[in-house]
Every structure is written in structure tokens, then in C-alpha cells.
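Chemist: how does the following fold in three dimensions:
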Amino acid sequence: VAFWQDDLFGRSQEEYFGIWLSVGLAAICVNVASRYCWVFATTTAGRRIHQQIFEKVARCTTAMFDKTPSGQIMARLGEDQALADWAVGLQLEVFFVLVGTVLNQAALVVVARPLVAPFIAFFTLLFFALREVHRRTNREAIRWY
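Modeler: Now for the predicted structure:
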């Protein structure tokens, strides 16, 4: 919009408006695509979790079904599946939003200051390495506790 206001490229108002409209439509398309990815990913993850739980229950011995009332089994499966479906959807939505925001900001910084790109790459690799160290250390600390 600042380029449009200052007329830095010497284009007509119609061309600037067309560019602005194109960017807006592209943003809408990206938003719709991200929501579709979110819905597709959460539905697939929920279906996979449900299938794994069902396979484990189907492989149980008949003695387990004799000791446990069927209502308790159904209530437990329904409650656990509902909780997993809700949590997976929420966590994947947050993941997609955060990744999109980080990539958007990183792209903006690289376009504005290209010499920052190697630092972003270095710190990204450093982040993933430290994340792995933290994950393993945290797992060991939980085992000791």
C-alpha cells in the first residue's frame, strides 16, 4: 500500500488496485487451503486413533469381556475417543497457525534483509538440535522421578 501511495513504480491506479486485489485473493486462497489441510489432517488422525483403539479391543481375550461390563468399555472408548478427537484437532490447528506465522515472518525478514537468511537457517538448525536434546533429557528426568 505504501508503494501505491508513493507511486514508486510509476504505474496507474488500476494496476496498483489489481495487485492489491490479487494479493488479497491469494491470501484468501491460502487461508481456505490451510483450513482444508487442518480439517483433513485432524479427520485422518482421529480415524487412525479410532482404528488403533478398536484393533486393541478386538484382540482382547474373552476373559476381559467377562470381567468388564460392556457399558464401561463403551463409555471408556467413547470418552477417550472424544477427548482425543478434540485435542488432536486443537493441537494441529495451533501447529498449522504457528508454522504459517513463523514462515510468514521469516519470509518477510529475508525479503527485507537477505543477509539475515544464513542466520535464520543456522538458528533453525540449532533450535531443532536443542529441541531433540530437551526431549531426550525430559524423558530421562520423567523416568527418574
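Chemist: residues contacting Val88?
Modeler: Thr42, Ala45, Gly46, Ile49 (Cβ atoms under 8 Å, 6 or more residues apart in numbering). Backbone N, C-alpha and C define where each C-beta goes, glycine included.
Chemist: what do you get if the cut-off is 7 Å, keeping everything else the same?
Modeler: Thr42, Ala45, Gly46 (Cβ atoms under 7 Å, 6 or more residues apart in numbering).
Chemist: give the closest residue to it in space, chain neighbours not counted.
Modeler: Nearest in space to Val88, with sequence neighbours left out and distances taken as Cβ to Cβ, 6 or more residues apart in numbering, is Ala45 at 4.9 Å.
Chemist: which pLDDT value belongs to the one you found?
Modeler: The model reports Ala45 with a pLDDT of 79.
Chemist: which element is it on?
Modeler: Using DSSP states H and E, Ala45 falls within helix 13-58.
Chemist: name the helix or strand for Phe9, please.
Modeler: Applying DSSP H and E, one finds Phe9 in no helix or strand.
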